[in-house]
Every structure is written in C-alpha cells, then in structure tokens.
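> 3D model of this:
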Amino acid sequence: MLAKVLSAAVIGMDAFPVEVEVDVFLGIPTVNIVGLVDTAVQESKERVRSGISNSQFEFPLKRVIVNLAPADIRKEGPAYDLPIALGIMAATEQLPQDKLDDYLIAGELSLTGEIRRITGALLIAICAKTLGKKGIIIPMDNAPEASVVDGVDVLPVGNLNQVVDFLTGKAPIQAHNKNRGDSEQDHRGLNFSDVKGQGHVKRALEVAAAGGHNILLIGPPGAGKTMLASRLPSILPKLTLSESIEVTKVYSVAGLLRSGESLLTTRPFREPHHTISNAGLIGGGSHPRPGEVSLAHNGVLFLDEFPEFSKGVLQVLRQPLEEGRVTISRAAGAFTYPASFTLVASMNPCPCGHLGDRAKQCICNPHAIQRYRGRISGPLLDRIDIHVDVPRLGKEDLLHSKEGEKSEAIKRRIEAARALQIKRFAEQNKGNGRDILTNSRMKAGEVKKFCRLHPTASSFLEVSIDKLGLSARAYERVLKVARTIADLAEQETIDIEHVAEAVQYRALDRQFF
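Residues are numbered from 1 along each chain as shown. Below is the predicted model:
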C-alpha cells in the first residue's frame with residue numbers, strides 16, 4: 001500500500017515542500033530511502049524502526065521504499081524522521097491517510113519515540129501557510145517560533161504516541177498560542193551613561209546609529225573602545241515586526257533559537273574572534289549555513305582588533321557591507337542570506353598600541369606601523385563611513401566626570417531621525433522596489449536626489465576633497481553622513497556645519513593611514 005505525507009526542505013532562507021512517499025510490499029525486509037538524501041536522512045531508517053517499535057506499534061517485516069520528492073532538491077538533516085514514520089504507519093493501515101493530508105509534518109525521532117527539535121521551524125510554518133495547509137505538526141520545543149506565523153495551526157508534539165492518538169481521533173492536541181512576546185535578549189542592561197568622558201565618540205556612535213553607518217574606533221588599549229561598542233545596541237530603535245521576523249528566520253535556520261524562544265525583538269550584537277575563518281564570518285560549509293554577518297542582520301557586528309583578522313576574511317566583508325546580503329556558491333547551488341548590519345570595528349593606532357598615547361611611549365618603528373595599518377585595504381576602509389579617534393581618558397575624566405547622558409535619551413533622537421528617513425524614502429521605495437530605511441543604504445541616485453548642499457557647504461566640501469584626497473566612494477560617504485547629521489538636527493538642508501562634522505569623521509583615515 002502507498003501512503004503520502006507532506007514535509008519541507010529548508011534551503012537557504014526558504015522552505016520548499018517535500019512529499020514523503022512510502023510504499024510497503026512483500027519482499028525481503030529492507031528499508032530504502034531515495035530522493036537525493038544525505039547521510040542523516042539515510043540513517044533515519046534506523047531511528048524510525050526503533051521509534052515505531054518502542055512506541056508499541058508494528059514495524060512491517062516487508063520491503064519499504066521511501067521516496068522524498070522532488071528528487072532534484074537535496075534533503076538534509078533528521079527532520080524527515082517523523083513524516084517517514086507516519087508514512088510507514090499509514091501504509092500499513094495503522095493511521096488514516098486522509099487526516100495526514102491536512103498537515104505539514106517535521107520532526108526528529110529518538111529511539112524511544114520521543115520527538116526532538118529541528119532547525120528552520122519558522123520557515124516550515126511559512127511554507128505551510130503558502131500551501132494553504134490547515135496546520136503543522138512539529139516538535140514541542142519548536143512551537144514558539146513557528147507560532148509567529150498567522151493563519152496556521154501549530155500543533156506541538158512530544159512523542160510518536162501523541163501524534164498517532166491525534167491522527168486517529170483518540171486525543172486532541174491544543175494548538176500553540178500565537179507568541180509576539182519579547183525575547184530574553186536585553187543586552188545585559190548596558191547604558192551609555194556608564195561611559196565616562198569620550199563625548200565626541202558617543203556623538204559619532206549616535207550618528208552611526210541614526211543613519212546605519214559603519215564606524216571604526218581607533219585608540220590605545222584601555223581607552224574604552226569595546227565598552228563603547230557594546231553599548232551601541234542600547235541606542236538603536238526597536239526592531240519592527242518585519243525586521244524581527246527576518247532576524248528570527250536567520251537564527252531559526254542556524255539552529256540558534258533557545259528552547260521556548262519565539263520572536264527575537266532586540267537587535268543582535270555579534271562579536272566574533274579575530275581567528276574566525278571566511279566560512280565562519282560570511283557563512284558556508286558543504287551545506288551552507290549563515291555566518292556571523294547574517295547573524296548580525298538588522299543589528300551590530302563588532303570586530304575588535306580589526307587588523308588582526310586575516311586579509312581574506314576582511315576582503316569577504318566587502319559584499320555584505322555594500323549590498324546588505326551575502327551569496328555563497330556551492331556545487332549544490334547558490335545560497336543568499338541577508339546581512340544588513342552596522343559594522344563597528346576597533347583597532348590600535350600601531351602594533352604596540354601607544355602611538356599618540358599620553359600615558360605611554362610608542363616603541364614601534366615607522367615600517368612596522370605602516371605594515372600594521374596596511375592590513376586594512378583602501379577599498380574596505382572606504383566602505384566604513386566614520387573613523388573616530390578614541391584617546392585614553394585623563395585622571396580628571398576618570399575621577400570627576402559626571403554621569404553621561406542615558407541611552408534612552410539618545411535613542412529618542414535616533415528614532416526621530418530614523419522616522420524622517422523612513423518618510424523620505426517611502427515614495428522612493430515604491431518606485432524602484434527597494435527597501436531603503438536608512439541613509440547608509442542610499443545609492444548614487446538617491447544621494448544626488450536627497451543630499452543637496454547649501455552653496456557654502458558645497459564650497460567647503462570641494463576644498464576638503466582637494467586637501468584630503470578623498471576617493472569617489474569616500475565623497476559619497478561624506479554626503480550620507482552629513483545627511484544623517486542634518487536629520488538629527490531635524491533640518492532638511494545640509495549646511496556647512498553638517499558637512500564639516502562629516503568630513504571630520506573621514507579625515508582620520510588620511511591622518512592614520
């Protein structure tokens with residue numbers, strides 16, 4: 001007898017329907033699984049055999065053929081255990097086929113029949129909604145994230161017996177309530193008021209947060225670069241619902257959602273070590289998974305000791321910084337993951353870290369300094385909008401500095417500036433199908449349209465280009481940053497003071513590099 005169960009394959013940032021066909025007939029007792037499957041799927045036959053038997057159901061002593069269609073899509077992971085088990089039971093008339101047709105099913109089976117969590121449950125729920133299914137049957141631990149999707153009943157199950165009792169009408173399963181609550185991420189209560197002094201650096205970070213600009217902090221060890229960077233998420237606007245779903249999808253695919261966690265509502269902050277590989281940063285592997293740049297989507301990627309990262313790792317940053325996404329090509333196909341983040345990088349001014357330091361003398365020779373700074377290429381540096389010096393704090397700042405402005409007050413100014421940007425780009429987004437939310441994402445056409453300068457500001461910028469030797473890309477970055485500074489001042493016209501501050505943030509790369 002032939003039975004069919006619908007499941008789904010998670011590929012990149014999408015889930016595609018997979019039909020699990022099971023045929024049971026007389027022959028030598030074997031189980032064969034076909035349909036371009038990996039080792040984990042091939043091994044499922046042993047988990048399914050033990051799971052069915054240990055749940056007090058009958059595993060057929062016949063030949064079993066399992067086909068996962070379509071055959072041209074690669075099937076990976078243990079999520080097909082549960083649909084294969086139910087298909088075998090339906091083919092042996094232990095379950096009604098008609099009830100299976102209403103649901104999309106996924107889950108890993110243990111040898112005892114317990115159902116374990118899987119990755120990509122949110123994408124599977126979206127797939128079920130697209131197909132018009134009544135609901136999905138998934139592991140209990142995955143129910144909170146899947147319940148984010150409206151219009152689909154999420155039925156959480158803990159073991160095979162519970163699923164069979166539901167499908168045979170013996171016991172109902174309560175659909176999981178829709179969950180829109182905040183996640184437990186709170187950035188550890190960090191606040192800008194904790195930082196003593198460094199007013200100009202806080203201002204630079206405020207500008208970066210308001211316009212989504214990338215920023216480089218340059219200063220000696222102990223100046224507070226990491227302390228400042230770690231507090232940037234505390235002044236960023238709260239994620240919108242669409243942004244939350246995007247972030248949650250990435251973490252769902254990566255399998256990083258905690259048990260019981262549903263919708264991520266705080267912006268990610270990722271801090272990879274400088275020994276990270278290319279694949280770890282941008283994603284990859286034989287079966288590509290999201291890397292740190294995607295895990296930082298709609299949040300902050302902090303790269304401490306920036307020049308210590310390998311040259312290859314730094315160069316692969318260029319695509320996500322420019323396009324807000326990353327594409328990974330493998331033999332199985334090309335996978336695109338979102339990677340729209342704010343980059344915060346920090347570095348010392350020289351190998352020993354004390355060039356220009358008031359407290360200690362630099363011991364580096366000019367050649368060593370040049371080699372250290374040369375690890376960051378010009379094209380990469382041009383993609384970082386703001387470069388700011390972070391000097392060591394003096395005794396007066398450490399002992400007698402007043403409490404700084406709280407993150408909540410800074411955040412209100414940033415939200416007001418972001419609201420101006422969203423309003424400005426609303427009509428533009430309709431016309432070209434893009435989704436520009438911040439000034440940093442403007443292309444050349446938008447820069448020309450929205451970054452018109454006052455005549456005195458234009459003259460000042462011309463002089464600055466000649467003196468600093470700014471590249472065409474750096475010139476464009478100056479205009480974007482100036483637009484953000486004007487937005488923070490709630491002014492439509494970009495005046496000379498806005499351009500002067502923006503040029504100040506670009507002058508550092510010529511001073512130090």
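
> longest helix anywhere in this protein?
Identified as the longest helix of the chain according to DSSP state H is helix 407-432.

> chain center to that one: distance?
Offset of helix 407-432 from its chain centre (CA atoms, centre = their mean, to the nearest Å): 21 Å.

> Repeat that for stretch 342-353.
The answer for stretch 342-353 is 24 Å, by CA atoms, centre = their mean.

> buried stuff in that stretch?
Neighbour counts over stretch 342-353 (16 or more other CB atoms under 10 Å) mark 342-353 as buried. C-beta coordinates here come from the backbone N, C-alpha and C atoms, glycine included.

> Just the mean pLDDT for that stretch, thanks.
Per-residue pLDDT values over stretch 342-353 give a mean of 94.

> Stretch 394-407 too?
In the prediction, stretch 394-407 has an average pLDDT of 76.

> from what I can see K4 touches P17, true?
No: here K4 does not reach P17: they are 11.6 Å apart, not a contact under CB atoms under 8 Å.

> one step back: now do the buried residues in the longest helix of the chain.
Buried residues in helix 407-432 (16+ other CB under 10 Å): 407, 410-411, 413-414, 417-418, 420-421, 424-425.

> same thing with stretch 455-465?
Residues 457, 460-461, 464-465 are the ones in stretch 455-465 that count as buried (16+ other CB under 10 Å).

> Would you tell me what the next helix or strand after the top strand by length along the chain is?
Counting residues, the longest strand in the chain under DSSP state E turns out to be strand 14-25. Following strand 14-25 in sequence order, the next helix or strand is strand 30-34 (DSSP states H and E).

> Quick check: which helices or strands does that next one pack against?
Judged by 3 or more CB pairs under 8 Å, 6 or more residues apart in numbering; DSSP states H and E, strand 30-34 is in contact with helix 44-54, strand 63-69.

> any idea how far T484 is from E206?
10 Å (CB to CB, to the nearest Å).

> Between these two, which has more neighbouring residues?
T484 (32 against 22; other CB atoms under 10 Å).

> Could you dump the helices and strands packed on strand 30-34 into a markdown table with mean pLDDT added?
Below are these laid out as a markdown table (pLDDT from 0 to 100):
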| stretch | mean pLDDT |
| --- | --- |
| helix 44-54 | 96 |
| strand 63-69 | 97 |
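
> any idea which helix or strand carries S7?
With DSSP H and E as criterion, S7 is part of strand 2-11.

> buried set for that strand?
Buried residues in strand 2-11 (16+ other CB under 10 Å): 3-11.

> count of residues packed around the residue nearest to A444 when sequence neighbours are not counted?
Distance criterion CB to CB, 6 or more residues apart in numbering; nearest residue to A444, sequence neighbours excluded, is E476 at 7.0 Å. By other CB under 10 Å, 19 other residues sit near E476.

> and if you look at A368?
The local packing of A368 (other CB under 10 Å) involves 14 other residues.

> quick one: secondary structure of A90?
Following DSSP: H, G, I helix; E, B strand; the rest coil, A90 is assigned to helix.

> how far away is it from D23?
Between A90 and D23 the computed distance is 11 Å (CB to CB).

> For the two, indicate the residue with more neighbours.
Taking neighbours as other CB under 10 Å, A90 and D23 compare with A90 leading, 23 against 17.

> Would you confirm that that one contacts D101?
No: A90 lies out of contact with D101 (CB under 8 Å); the separation is 10.2 Å.

> Overlap of the contact sets of those two?
In terms of CB atoms under 8 Å, 6 or more residues apart in numbering, A90 and D101 are not both contacted by any residue.

> what sits against the residue lying closest to V149 once chain neighbours are set aside?
Among residues not flanking V149 along the chain, A125 sits closest, at 4.2 Å (CB to CB, 6+ apart). Taking CB under 8 Å, 6+ apart, we find A125 in contact with 136, 138, 146-149, 152, 154.

> please redo it, this time with the cut-off set to 6 Å
Neighbouring residues of A125 by CB atoms under 6 Å, 6 or more residues apart in numbering: 136, 146, 149, 152.

> quick one: buried residues of whichever strand or helix holds it?
Assessed by DSSP H and E, A125 sits inside helix 121-131. By 16+ other CB under 10 Å, the buried positions in helix 121-131 come out as 121-129.

> and what of stretch 292-312?
292-304, 306-307, 309.

> repeat for stretch 447-455
Buried residues in stretch 447-455, counted by 16+ other CB under 10 Å: 447, 450-451, 453-454.

> Check stretch 317-332 too.
Neighbour-count burial for stretch 317-332 flags 317, 320-321, 324-328 (criterion: 16+ other CB under 10 Å).

> what's the most distant pair in those residues?
Maximum pairwise distance among the buried residues of stretch 317-332 (CB to CB): 16.1 Å, between L321 and I328.

> Please parse the protein into its domains.
2-167, 187-512 (automatic domain parsing).

> Span of the shortest one from start to end?
End-to-end distance for domain 2-167, by CA to CA, to the nearest Å: 18 Å.

> what about it, distance to the chain center?
With CA atoms, centre = their mean, you get 28 Å for domain 2-167.

> shaky segments in the protein?
Scanning the chain for pLDDT under 70 picks out 179-188, 331-332, 397, 399-401, 431-434, 507-513.

> how about 80 then?
Scanning the chain for pLDDT under 80 picks out the ranges 1, 177-189, 259-261, 285-287, 330-333, 394-403, 427-435, 469-471, 473, 506-513.

> Not counting residues beside it along the chain, what's closest to F166?
I173 (4.8 Å).

> From V157, how far out is the one you found?
Counting by CB to CB, the gap from I173 to V157 is 7 Å.

> ok, those two, which is more surrounded?
More crowded of I173 and V157, by other CB under 10 Å: V157, with 22 against 17.

> Run a quick neighbour tally on the closest residue in space to that one that isn't next to it in sequence.
Closest residue to V157 apart from its sequence neighbours, by CB to CB, 6+ apart: V163 at 5.0 Å. Using other CB under 10 Å, V163 has 25 neighbouring residues.

> Mind checking what helix or strand follows the host helix or strand of V163 in sequence?
Take DSSP H and E as the rule and V163 turns out to sit in helix 160-167. The element immediately downstream of helix 160-167 (helix or strand, assigned by DSSP H and E) is helix 199-211.

> Show the subsequent helix or strand relative to that following helix.
Later in the chain than helix 199-211, the nearest helix or strand by DSSP H and E is strand 215-218.

> got a markdown table for the buried residues of strand 2-11, with distance to L82 too?
Shown next, in a markdown table, are the buried residues of strand 2-11 (distance: CB to CB, whole Å):
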| residue | distance to L82 |
| --- | --- |
| A3 | 14 |
| K4 | 14 |
| V5 | 9 |
| L6 | 12 |
| S7 | 8 |
| A8 | 12 |
| A9 | 14 |
| V10 | 15 |
| I11 | 19 |
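
> Perfect, that will be all.
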